[in-house]
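>>> Return a 3D structure for these sequence lines:
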Amino acid sequence: MATLEIRDLHVSVGDGEETKEILRGVDLTVKAGETHAIMGPNGSGKSTLAYAIAGHPKYTITSGSVTLDGEDVLEMSVDERARAGLFLAMQYPVEVPGVSVSNFLRSAVTAVRGEAPKLREFSKEMKAAMDALSIDPAFAQRSLNEGFSGGEKKRHEILQLEMLKPKIAVLDETDSGLDVDALKVVSEGVNRFSGTGDTGVLLITHYTRILRYVKPDFVHVFAGGRVVAQGGPELAEELENEGYEKYVKAGV
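Sure thing, here's the model as predicted:
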């Protein structure tokens, strides 16, 4: 059973006198079959955690550990982390002109599976995943993220999720910029992915609206670069009603 373990993680940005510590000792365990929601105000370190796990060079890990099934994630290159089963859906995915969605997905699937899928089988698999997300078939020939609306970018990231089938998915504000209909479609995709019981989800969000459709098993409140409270779905309801103020004070 896949397990992501984060222990006493400290992460900084900048150099020399400009160095700033963002994460100040994060402990978190995500197992297959579990959906964890990380909530917190802007600047609390939620996205930093996502990018540090994925290996973004902007972030320096000063101490602590991250393991996936006992393997040291921090010793892996970015592509090795992806092949090991880590997936990051970014809040602001980059545009890649000239590379079609179809070609990108086939290259990514080949890298993860270790061999290129037969074109006919891949096309059938991709079409089924796109249909489930209400994505127009013509979307496959568009350049990656170029001119995509916010909803199209998010649907495409869930399409990647369904095609790549990682062990642990880190979803950074997947609900950002979505209207109600797109939110429902994206949430259904997350639920299909997590519903297999073979995968774990770490869902980062400011708001509780996506949690009406994606039911978390655990909710963690981030403030001041660490987890200051943990609970079940009822904690998200408390945050909806009372806000983050008391937790921000606890995180100082």
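
>>> Next one: the closest residue to Gly177 other than its chain neighbours relative to Ala128, how far apart?
If the residues on either side of it in the chain are set aside, Gly177 comes closest to Gly150, at 3.2 Å by CB to CB, 6 or more residues apart in numbering. Quick note: C-beta positions are derived from backbone N, CA and C, even for glycine. As for Gly150, its distance to Ala128 is 24 Å (criterion: CB to CB, to the nearest Å).

>>> next one: Gly85
For Gly85, the distance to Ala128 equals 22 Å [CB to CB].

>>> Have a look at the two and say which one is more surrounded.
In terms of neighbours (other CB atoms under 10 Å), Gly85 is the more surrounded of Gly85 and Ala128; the figures are 20 against 11.

>>> Could I get the contacting residues of that one?
If you count contacts by CB atoms under 8 Å, 6 or more residues apart in numbering, Gly85 has them with 2, 68-69, 166-168.

>>> try it again with 7 Å
Going by CB atoms under 7 Å, 6 or more residues apart in numbering, Gly85 touches 2, 68, 166-168.

>>> State the pLDDT value of it.
At Gly85, the pLDDT value in this model is 95.

>>> With Ala250 instead?
Ala250 carries a pLDDT score of 66 in this model.

>>> Chain neighbours aside, what residue packs nearest to Val112?
Nearest-residue entry for Val112: Leu164, 5.3 Å, with adjacent residues in sequence omitted and distances by CB to CB, 6+ apart.

>>> The one you found against Phe87, yeah?
Yes: under the criterion of CB atoms under 7 Å, Leu164 is in contact with Phe87, at a separation of 6.2 Å.

>>> With neighbour numbers in mind, choose between the two.
The residue with more neighbours, out of Leu164 and Phe87, is Phe87; 23 against 19, by other CB under 10 Å.

>>> Report the beta-bridge partners for the more buried one.
For Phe87, the beta-bridge partners under DSSP bridges are Ala169.

>>> tally of neighbours for the spatially closest residue to Lys154 that is not a sequence neighbour?
Taking CB to CB, 6+ apart as the measure, Lys154 lies nearest to Val186, with 5.3 Å between them; neighbours along the chain are not counted. Applying other CB under 10 Å, we find 25 residues neighbouring Val186.
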